[in-house]
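> give me a model of this one.
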Amino acid sequence: MNPQEKINLLRNKIDDLDIQLLEFLVQRFSLSIEIGEIKASKGIDIRDSNREKEIIERLTNKLDGKLDKDDIASIFDPIYKISKRLQKNK
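Residues are numbered from 1 along each chain as shown. Model prediction:
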C-alpha cells in the first residue's frame, strides 16, 4: 500500500470515529438536559465546578498518561459550556 492509500485509509477511520464521537456527545447532552430539568425544578445552580474537576481527574487517572490532564481539560471545557447552555434552556 502506498503512503497516500494508507493516509486515506486512516482518514476514513478518523471520519468513522468522528461520527461516533458526535453520537456519544448527543447522548451526553441529552443526559445534561435531563439534569438541567431536575436542577431547574429544585432551584439548584447549574454550575458545579467541583463536578467538572472530578471528571477531569477521573479521566486523567483512567487514561493513565495517554493524554495530558490539560489536554483533557481543553477537550471537555467546550463540552461543559454546551452542557450548561442546554441546561439553562430547560
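
> now the helix or strand encompassing residue 55: mean pLDDT?
Per DSSP states H and E, residue 55 falls inside helix 49-63. Across helix 49-63, pLDDT averages out at 96.

> what's that helix in contact with?
67, 69, 72-73, 76, 80 (CB atoms under 8 Å, 6 or more residues apart in numbering). C-beta coordinates here come from the backbone N, C-alpha and C atoms, glycine included.

> cool, stretch 64-74 as well?
Under CB under 8 Å, 6+ apart, the answer for stretch 64-74 is 56, 59-60, 63.

> so where's the chain uncertain?
Filtered on pLDDT under 70, the chain yields the residue ranges 90.

> quick one: the helices in it?
3-42, 49-63, 69-88 (DSSP state H).

> taking those together, which one is wrapped up most tightly?
Compared across the helices of the chain, helix 69-88 shows the largest average neighbour count, a mean of 14 (mean count of other CB atoms under 10 Å).

> out of the contacts of helix 49-63, the closest to residue 32 would be?
residue 80 (9.2 Å; CB to CB).

> the helix holding residue 55: how far from the chain's middle?
12 Å (CA atoms, centre = their mean, to the nearest Å).

> okay, the angle between that helix and helix 3-42?
Using axes from the mean of the first three to the mean of the last three CA atoms, to 10 degrees, the direction of helix 49-63 lies 150 degrees away from that of helix 3-42.
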